[in-house]
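[1] All I have is the shape, not the residue letters:
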DNA sequence: CAGGTGTTTCGGTCGTCGCCGAAATATCGT
DNA sequence: ACGATATTTCGGCGACGACCGAAACACCTG
């Protein structure tokens, strides 16, 4: 049996209800402690420990120790993308009849690990491309000088960013099947939109709601 | 327990070694019979039947009956994208030391369900964007008139296409982490490149090799 | 209408893995 | 240093599911 990468192993990790619940909870982008994750999954702490150890061994989770707490978070946006992908596929078969009001809110706007996803995010991305704020410069997509200026206008300072993470990356949105803005710029934008109180996160959920101010201003953002 | 889509269920389906082997085999895009899939997975036909039935019930496979044979194929490119996604994630943890020559060929060019993926495909896509053959027309990416003309130049007739499948869709490439051309145009292009003998599929594998003619002409394709 | 091949159904066995109880370890507050 | 809380390790139980043998079913060929 010629073995490629162990795709079954990775899938099996996500294929357990408890672990899937934990991973889903972490899709919000916040780091959660082992105990919290245990409650989310509905298992005892010792069971959760086992699951978390395995997920960490597979490099799907990162752990940040802080005193007697251990905070776990997704290891990166590739993991988040995998989960989004699964959600899209699972939703297609399971939910057509059971699209509750909750799901509608998620479809409109939600957090994808550390950036915005959903209709709102896809719209923003489309406008950024139409603007020339994002373009292909031979080496794939990236923010143009014009784009950086546009972000600066709303108080997102990217000019001084020196991290090694890609500034701009397209992430396929699995409810919309179209790309939205990920990467550092995507994360910084979400932070700023929250600081401006244009969007507000729903506690304990991936959902994001637009404030009245957001409803008024977001559709006009990046139309200059 | 508030239930979203059954992400664990879908993941668990892929999380079995036998089923994963079958799905991987189907990534080549060709439909395979139940017996062939059983041999690929190294199980008896009756075991394979069970797996295939479950995958079909979850809408991950489609079946085409032809006489006493039943040919199974992936239900769509979303499924292929999920598998690519898993490959990328599994490879990141498992293979850094064991990148054999086989994997290098796959990284360069391979089949992703029905279209081309890998470095070659990402290059092509980048050139198409640079050209204005693909652009955002407000409603997401699509082929421009110019793009359709460019395809026509090499003998891919898209003008008369009337199917309901999106003509052009970006699919994230998980060895390159950048998009490549999927959708009907991607599939038609792969067909044409094979007909022109610029690329050739490797039997029983997802790998695609460039012929001498391909090495000479492919880098110049769509540079007009 | 036989004979043969590909595929499926049924029944039963066995291994794997998720789960918890009990107890050990680590860290904080006082 | 002591008790409290958070987390982990160990051991054993129980269930789900993957697997195969036997046999039935579907379809092509002659």
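    Perfect, thanks for sending it. Being a predicted model, the structure only gives us computed values, none of them experimental. Numbering: from 1, shown residues only, chains lettered A, B, ... in the order given.
[2] Name the residue closest to the centre of chain A, please.
    Relative to the mean C-alpha position of chain A, the nearest C-alpha, by Cα atoms, centre = their mean, is the one of residue A:112, at 1.6 Å.
[3] pretty sure residue A:91 contacts residue B:5?
    Yes - taking Cβ atoms under 8 Å as the definition, residue A:91 is a contact partner of residue B:5 at 4.1 Å. Yep, even glycine has a C-beta here, placed from its N, CA and C like the rest.
[4] Give the buried residues for the strand or helix carrying residue A:130.
    Assigned by DSSP states H and E, residue A:130 falls within helix A:119-131. Across helix A:119-131, burial judged by 16 or more other Cβ atoms under 10 Å in any protein chain shown covers A:119-129, A:131.
[5] so what pLDDT did residue A:137 get?
    Among the per-residue scores, residue A:137 shows a pLDDT of 56.
[6] now do residue A:169
    Residue A:169 carries a pLDDT value of 69.
[7] what does residue A:140 give?
    58.
[8] The lengthiest helix in chain A near chain B anywhere?
    Counting residues, the longest helix in chain A under DSSP state H turns out to be helix A:77-94. Yes - remark: helix A:77-94 sits within contact range of chain B at A:78-79, A:81-83, A:85-94, by Cβ under 8 Å from any Cβ of the partner chain.
[9] Next, give phi and psi for the residue in chain A positioned nearest to DNA strand C.
    In chain A, the residue that lies nearest DNA strand C is residue A:67 (3.2 Å; Cβ to the nearest atom of the strand). Backbone torsions for residue A:67, taken as degrees, to the nearest 10, come to phi 60, psi -130.
[10] Near it, how many other residues are there?
    When neighbours are defined as other Cβ atoms under 10 Å in any protein chain shown, residue A:67 has 5 of them.
[11] Distance check, it against residue A:33.
    Remark: distance between residue A:67 and residue A:33 (Cβ to Cβ, to the nearest Å) = 10 Å.
[12] which residues touch the residue nearest to the centre of chain A?
    With contact set as Cβ atoms under 8 Å, 6 or more residues apart in numbering or on different chains, residue A:112 has these partners: A:27, A:77, A:80, A:84, A:121, A:171, A:173, A:180, A:182, A:206.
[13] same check, this time on residue A:217
    Applying Cβ under 8 Å, 6+ apart, one finds that residue A:217 lies in contact with residue A:198.
[14] In a helix, residue A:222, correct?
    No - following the definition DSSP: H, G, I helix; E, B strand; the rest coil, residue A:222 is coil and is not counted among the residues of a helix.
[15] Find the residue closest to it in space, skipping its chain neighbours.
    The shortest distance from residue A:222 to any non-neighbouring residue, by Cβ to Cβ, 6 or more residues apart in numbering or on different chains, is to residue A:127 (4.7 Å).
[16] Hmm, that neighbour is touching residue A:221, no?
    Yes - between residue A:127 and residue A:221 a contact is recorded at 7.4 Å, counting by Cβ under 8 Å.
[17] what about chain A, any weak spots by pLDDT?
    Chain A contains residues with pLDDT under 70 at A:1-4, A:93-102, A:136-141, A:162-170, A:174, A:176-177, A:204, A:224.
[18] Where do the strands of it begin and end?
    In chain A, the segments counted as strands under DSSP state E are A:32-33, A:61-66, A:69-74, A:110-112, A:115-117, A:134-136, A:141-143, A:169-173, A:178-182, A:199-201, A:208-210.
[19] Point out the most buried one among those strands.
    For these, ranked by mean neighbour count under the definition mean count of other Cβ atoms under 10 Å in any protein chain shown, the leader is strand A:115-117 at a mean of 27.
[20] Let me know the closest of the buried residues of helix A:119-131 to chain B.
    Distance ranking of these against chain B, using Cβ to the nearest Cβ, places residue A:129 first at 4.4 Å.
[21] got TSV for the contacts of residue A:112, with distance to residue A:198 too?
    Rendered in TSV, the data for those read as follows (distance: Cβ to Cβ, whole Å):
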residue	distance to residue A:198
A:27	21
A:77	23
A:80	22
A:84	23
A:121	13
A:171	20
A:173	19
A:180	16
A:182	19
A:206	18
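[22] can you tell me which of these lies nearest to residue B:160?
    Of all those, the one sitting nearest residue B:160 is residue A:173; the distance, using Cβ to Cβ, is 30.9 Å.
[23] The closest one contacts residue A:123, doesn't it?
    No - with contacts defined as Cβ under 8 Å, residue A:173 does not count as touching residue A:123, sitting 10.7 Å away.
[24] hang on, the earlier thing: scan the residues of helix A:77-94 next to chain B and report the most crowded one.
    If you count neighbours using other Cβ under 10 Å, the busiest of these is residue A:86, which has 28 neighbours.
[25] For that one, which residues are in contact?
    With contacts defined as Cβ under 8 Å, 6+ apart, the neighbours of residue A:86 are A:14, B:7, B:10-11, B:82.
[26] Swap in 10 Å and give it another go.
    With Cβ atoms under 10 Å, 6 or more residues apart in numbering or on different chains as the criterion, the residues that contact residue A:86 are A:11, A:14-15, A:20, A:23-24, A:174, B:5-11, B:14, B:82, B:85-86.
[27] Also residue A:222?
    For residue A:222, the contacting residues are A:123-131, A:133-134, A:147, A:150-151, A:153-154, A:189, by Cβ under 10 Å, 6+ apart.
[28] How about residue A:121?
    By Cβ under 10 Å, 6+ apart, the contact list for residue A:121 reads A:108-112, A:115, A:171, A:173, A:176, A:178-182, A:186, A:189-190, A:208.
[29] Give me the distance from stretch A:72-79 to the chain's centre.
    For stretch A:72-79, the distance from its own C-alpha centre to the chain's C-alpha centre is 9 Å (Cα atoms, centre = their mean, to the nearest Å).
[30] Say whether DNA strand D is contacted by that stretch.
    No - taking Cβ under 7 Å from any atom of the strand as the criterion, stretch A:72-79 and DNA strand D are apart, separated by no less than 8.4 Å.
[31] Could you tell me the end-to-end distance of that stretch?
    Here the two ends of stretch A:72-79 are set 13 Å apart, with distance taken as Cα to Cα, to the nearest Å.
[32] now stretch A:86-103
    Using Cα to Cα, one end of stretch A:86-103 lies 15 Å from the other.
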